[in-house]
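Visitor: Quick one, structure for this:
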Amino acid sequence: MNKIWRNYEKGMAVFDNCHSPTVQSQWLALKDEIGEFVREPNLSEIWDIVHAAGRLLYKIIGIPLYLLAYPTVRKHSQRFEEYGCIRSLRNCEGKCCKQLTVDS
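Guide: Residues are numbered from 1 along each chain as shown. I've put the predicted structure just below:
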């Protein structure tokens, strides 16, 4: 479990360093996740919506509700461990994730 949290925290720090987590950017990420769910409804997309909504609320109220979306946390952790990016291979832009390493 600790490995999952460490990889998630590292991966999100790398991603956030490249994509500043502002209220506006978190709102847009939530809208994108909702759009993905509308196009392809499934349980994984629901967890992604919960994660995105939690990240938005974290920016507003400071409570890390995004951690409740454990399936997405685990998915991001695994991706970061496998290839250094929290995003899917299809969506990873490759411009920031591999340029920055975050120490434990």
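
Visitor: Tell me which stretches of this structure form helices.
Guide: Counting by DSSP state H, the chain has helices at residues 2-18, 23-39, 43-61, 70-83.

Visitor: so can I have a markdown table of these showing mean pLDDT and distance to Cys92?
Guide: To be clear about C-beta, it is placed using only N, CA and C from the backbone, and glycine gets the same treatment. Below are the helices of the chain laid out as a markdown table (pLDDT from 0 to 100; distance: least, Cβ to Cβ, whole Å):
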| stretch | mean pLDDT | distance to Cys92 |
| --- | --- | --- |
| helix 2-18 | 93 | 10 |
| helix 23-39 | 96 | 15 |
| helix 43-61 | 97 | 15 |
| helix 70-83 | 95 | 8 |
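
Visitor: Redo these as a markdown table? Include mean neighbour count and distance to Asn91.
Guide: A markdown table is the format used below for the helices of the chain (neighbours: other Cβ atoms under 10 Å; distance: least, Cβ to Cβ, whole Å):
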| stretch | mean neighbour count | distance to Asn91 |
| --- | --- | --- |
| helix 2-18 | 16 | 11 |
| helix 23-39 | 14 | 10 |
| helix 43-61 | 18 | 12 |
| helix 70-83 | 18 | 10 |
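
Visitor: Is it possible to get JSON lines of the ones you listed that adds distance to Gly94?
Guide: As requested, the helices of the chain are arranged in JSON lines below (distance: least, Cβ to Cβ, whole Å):
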{"stretch": "helix 2-18", "distance to Gly94": "11"}
{"stretch": "helix 23-39", "distance to Gly94": "19"}
{"stretch": "helix 43-61", "distance to Gly94": "21"}
{"stretch": "helix 70-83", "distance to Gly94": "10"}
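
Visitor: With respect to Glu93, which of those lies nearest?
Guide: Distance to Glu93, taken as Cβ to Cβ, is lowest for helix 2-18 among these, at 8.3 Å.

Visitor: chain center to that closest one: distance?
Guide: 9 Å (Cα atoms, centre = their mean, to the nearest Å).
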